[in-house]
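1. I would like the atomic coordinates for the input below:
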Amino acid sequence: MFHSPENGIGIKTSKNLIDWEDKNEILTLGQSDWPWAKGRITAGYVLDIGRLEKNRNCYLLFFHGSGLKTEKEGDFDKNASIGLAWSKDLIHWEWAK
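-> Below you'll find the predicted structure:
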């Protein structure tokens, strides 16, 4: 399961969908290089496109990135973007640089 800690995308696993183990790894991808996401990365959604023969073992990660200004500063809508990353194993991620 992918979830949204304070910043980044967290990962939890479960064998029975009742008891969850935190993987203690937070994905921040290329956040330090992205002006559009320096404030926060959150709301990760993973799409398994591996059923398409040419994309075997391929996952897409869509996520929300926002700039440094907060909603109270009135600039949130100008500093919010959707990011995309991809992976073959759900552990190692790539993105456009």
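
2. The nearest residue to Tyr59 once chain neighbours are set aside and Cys58, how far apart?
-> Leaving aside its sequence neighbours, Tyr59 sits nearest to Ser87 (C-beta to C-beta, 6 or more residues apart in numbering; 4.9 Å). Just so you know, the C-beta spots here come from the backbone N, C-alpha and C atoms, and that holds for glycine as well. According to C-beta to C-beta, to the nearest Å, Ser87 stands 8 Å off from Cys58.

3. ok, how many other residues are close to the residue nearest to Tyr59?
-> 17 (other C-beta atoms under 10 Å).

4. cool, Trp20 as well?
-> With other C-beta under 10 Å as criterion, Trp20 counts 13.

5. got the contact list for it?
-> With contact taken as C-beta atoms under 8 Å, 6 or more residues apart in numbering, Trp20 is in contact with 1, 12-14.

6. re the thing from before, any idea what the residue nearest to Tyr59 is bridged to?
-> With DSSP bridges applied, Ser87 shows beta-bridge pairing to Tyr59, Trp93.

7. Who are the contact partners of it?
-> By C-beta under 8 Å, 6+ apart, Ser87 lies in contact with 58-59, 61, 93-94.

8. Any idea which residue is closest to the centre of this structure?
-> Centroid check for the chain by C-alpha atoms, centre = their mean gives Gly44 as the closest residue, at 3.9 Å.

9. Identify the residues contacting the helix or strand in which it is found?
-> Secondary structure from DSSP states H and E places Gly44 in strand 40-48. By C-beta under 8 Å, 6+ apart, the list of residues contacting strand 40-48 from outside reads 2-4, 6-9, 27-29, 31, 58-66, 83, 90.

10. pull the CA atoms of it into CSV?
-> The C-alpha coordinates for strand 40-48 follow below in CSV (Å, rounded to 0.1, in the frame of the first residue of the first chain):
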residue,chain,number,x,y,z
ARG,A,40,5.7,18.6,-0.6
ILE,A,41,5.1,15.3,-2.5
THR,A,42,1.9,13.4,-1.6
ALA,A,43,-1.1,11.4,-2.8
GLY,A,44,0.7,8.7,-4.7
TYR,A,45,-1.3,6.4,-6.9
VAL,A,46,0.2,3.3,-8.5
LEU,A,47,-1.2,1.9,-11.8
ASP,A,48,-0.1,-1.6,-12.9
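
11. Many thanks, we can stop here.
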